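>>> Pasting the sequence and the predicted model now:
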Amino acid sequence: MKVAILGGGPAGLYFAISMKLRDPSHDVTVYERNRFDDTFGWGVVLSDETMSNFGDNDPISEKMIRDNFAYWDDVKTVRGDEAMTSSGHGFCGIGRKNLLLLLQERARALGVTLAFETNLSDEKIKELKDSHDLVVAADGLNSGARRLFADHFQPEIDMRRNHFVWLGTHQKFDDAFTFIFEETEHGWIWAHAYQFDDDTATFIVECGPETFKAFGFDKLDQKASIALCEKIFAKHLGGHPLMTNANHIRGSAWIQFPRVTCENWYHDNIVLLGDSSATAHFSIGSGTKLGMESAIALADQLNTGKALQDALQTYQEERKLQVLRVTSAARNSTEWFEEVERYLTLDLTQFTYSLLTRSQRISHENLRLRDPEWLGAAEAWFQKQAGKTSTRSPMFAPFTLRDMTLENRVVVSPMAQYKAQDGMPTDWHFVHYAERAKGGAGLVFTEMLCVSKQGRITPGCPCITPAQVPAWRRLAEFVHGETKAKLCAQIGHAGRKGSTRLAWEGIDKPLKEGNWDLLSASAIPLMEGNVTPKAMDRADMDLVKSQFVDAVTSAQEAGFDMIEMHAAHGYLLASFISPVTNTRSDDYGGSLENRMRFPLEIFHAMRAAWPDSKPMSVRISAHDWMGDAGVTPQEAVDIAQMFKDAGADAINVSSGQTDKAEQPVYGRMFQVPFSDRVRNEIGAPTLVAGNIYEPDHVNSILMAGRADLVLLARPHLTDPYWTLHAAVELGDTEQEWPAPYEGGRRQANQLAERAKAMAT
């Protein structure tokens, strides 16, 4: 196969090496526009895992690289005069120029032709395409080949908000990968510093756009810009200057990071490789790793004997998913640094934890494997903030709202059961909620309890009126008498989402018969064929408000410990908040202030009817997943602030289910970023749910300060005793079980210890 590789960076060179290793008869030429020793970066970071992959592919080049590594095991966080170090991270660095020279040496030894100082013009690319069996576009994030055939590759380039400049220094940072955060008169600015040879370290300076402009970096030349950075970080540089190797660039050499993704990775006989196909932010140091590992995968496919198009299609299908996992983690890390000022007021322990877990690739228990001593101290710090002298995991720390103190941070999420009869809860509800209270969770939510029969979602939904008080009181008395769990009544009104079938009979579809009248902010049916609701007038509002107040009174009489006002998911109160469902032109529509008017009116009435000693939360949809047409995460912060100002003790941060046209983006812990934003921007406790199913998830969320309580839904459907079993899994022997189940607790812990001993 005659192969032309555009770009002599690590990905292109390593692909050339990998092709020659698999078949020396391949005719491989690398075309590079720069000189052989030109490079505009400093150090490259690779993990032990990545080097193992390289060793399997080519032990010779792997040894060449490894022999030139600088190693470190620690990550150090420096914030002003504070510093904290975590160990066990296993990274290594090498100078980018040195890496390129080593790969060039290996490529030449295998018979690869290297053509430097070659102008890769559009004409040259087309010429190579016509004269070669394959053209590999490894020409970086500004790929000329990708631009030339953009209609086929369909790239998307998202220019991220922060500015950064890639510098070097002879100051030693050989003890740890060091993050330095400095507060200045113009805001926070920070550096990513790490050693990559005996006397040189990478020193990347980064800041937000406001700080960038306030310092005037956009108007300074490189010399003045570097001098200013030296002044800002003087106490960390030990008198050593900062250096640039980008003198060819006019201006300050500060740039913004372009997040590149492509719909297609190949067209005819051209295939994208490395940064030309997808970029990973420098804050997780995976760009070189991705490019070189993709080079291995591409070489593997091209040497299977498949037809070229089949090989390229398989490469795209398999590698694109793997790259997406890393670039998604890189996106999380990028966004963390873009919003870092949100976290800089956290205690250094929690800030460091948040920094270490920012990409969500490192979890709580993974940190324990890396540095059990540091994590143990962090857990003790978390427990101390909760008023305990304990080293238990964060999920087992108590939490207090007003006069209610929870045993732990695990919450049984509201889950509709559709088993009520004419609004009345049945034995199903008693058994369902009682079992989950016995299961060890600190707080158990009911499903949404409707303030009236008209306010039900389905005929199987329960109400909370004086008629239901005895049934709910029976449950509350059992929970309080037999368990340490607290009980929260979620109170709401279905609005336009009412009068629908039971979930297993056709979710959100109208009843086949017996539909009832509905109310909403505007006369917009949920779907075609559903009941069109009446746009509420003042009389309707007064009636519904009185129903909410009666529901609160009933919840108090039933003995609930807490209530939550449901103002999410497109139900009645949410229909006022979202512009998707609120098209009113009166004082209750239009601006956010107007759209919040009725929900806040209901909240104030509920809070006034609920005892001062008991807490009350509000569930909101932080994202309608409807683009700019609906509630956005930024607007959700304003919504949460209004409820906090009104007296909400906590915000239950959810999303979606406002309209059938939504386009949600699901994933593990997908709603946690919304909770994080609300909690740390308005300073209010938050609850969060959403594809959270492991103790690791719960502990990571809590320890990083992204929520205060974590709700699990489906895990509690499959296992009412999820919390008890999680304690066993974590080796926590302090967790209490119901007294009659003591034998089960002992056996579960013994079996867990035996399994652990056998595994080691």
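Sure, I can see it. Numbering: from 1, shown residues only.

>>> Flag every buried residue along the helix or strand encompassing residue 469.
Take DSSP states H and E as the rule and residue 469 turns out to sit in helix 469-482. Burial within helix 469-482, assessed by neighbour count using 16 or more other CB atoms under 10 Å, is assigned to 469, 471, 472, 474, 475, 476, 478, 479. Every C-beta, even on glycine, is put in place using the N, C-alpha and C of the backbone.

>>> between those residues, which is closest to residue 576?
Each of the buried residues of helix 469-482 was checked against residue 576 using CB to CB; the closest is residue 472, at 27.3 Å.

>>> Help me confirm that residue 545 is found in a helix?
Yes - in this structure, residue 545 lies within a helix as judged by DSSP: H, G, I helix; E, B strand; the rest coil.

>>> what sits against it?
Listed by CB atoms under 8 Å, 6 or more residues apart in numbering, the contact partners of residue 545 are 601, 602, 605.

>>> so how far is the helix or strand the last one falls within from its chain's centroid?
Put plainly, it is residue 605. Per DSSP H and E: residue 605 is located in helix 597-609. In terms of CA atoms, centre = their mean, to the nearest Å, the centre of helix 597-609 is found 33 Å from the chain centre.

>>> likewise stretch 496-505?
32 Å.

>>> Now do the SS call for residue 164.
When states are read from three-state DSSP, the local structure at residue 164 comes out as strand.

>>> ok, the closest residue to it other than its chain neighbours - contacts?
The spatially closest residue to residue 164, leaving aside those adjacent along the chain, is residue 206, at 4.1 Å (CB to CB, 6 or more residues apart in numbering). When contacts are counted by CB under 8 Å, 6+ apart, residue 206 touches 162, 163, 164, 189, 190, 191, 192, 337.

>>> Show me what residue 206 is bridged to.
Residue 206 has the following beta-bridge partners by DSSP bridges: residue 164, residue 190.

>>> Next one: it from residue 217, what distance?
Look at residue 206 and residue 217: by CB to CB, to the nearest Å, they are 11 Å apart.

>>> which residues do those two both contact?
Counting by CB under 8 Å, 6+ apart, the contacts common to residue 206 and residue 217 are residue 163.

>>> Just name the closest of the contacts of residue 545 to residue 527, please.
Checking the contacts of residue 545 against residue 527 with CB to CB, the nearest one is residue 602 at 25.8 Å.

>>> How confident was the prediction at the closest one?
Looking at residue 602, its pLDDT stands at 98.

>>> Make 36 the starting number, not 1.
Got it, the first residue is 36 from now on, which makes the last one we talked about residue 637.

>>> Confirm for me that it is in contact with residue 606.
No - if you go by CB atoms under 8 Å, residue 637 and residue 606 don't touch, sitting 11.8 Å apart.

>>> Give me the three-state assignment for residue 563.
Here residue 563 is recorded as coil under three-state DSSP.

>>> and what of the one 3 residues further on?
Under the three-state scheme (three-state DSSP), the conformation of residue 566 reads as coil.

>>> what's the distance between it and residue 529?
Using CB to CB, we find residue 566 at a distance of 11 Å from residue 529.

>>> quick one: common contacting residues for these two?
The overlap between the contact sets of residue 566 and residue 529 (CB under 8 Å, 6+ apart) consists of residue 553.

>>> So if I had to pick from the two, which one is more boxed in?
Higher neighbour count among residue 566 and residue 529: residue 529, with 29 against 18, using other CB atoms under 10 Å.

>>> which non-adjacent residue is nearest that one?
Closest residue in space to residue 529, ignoring its immediate chain neighbours: residue 492 at 4.4 Å, by CB to CB, 6+ apart.

>>> Equivalent analysis for residue 200, please.
Residue 200's closest residue in space is residue 289 (CB to CB, 6+ apart), at 4.6 Å.
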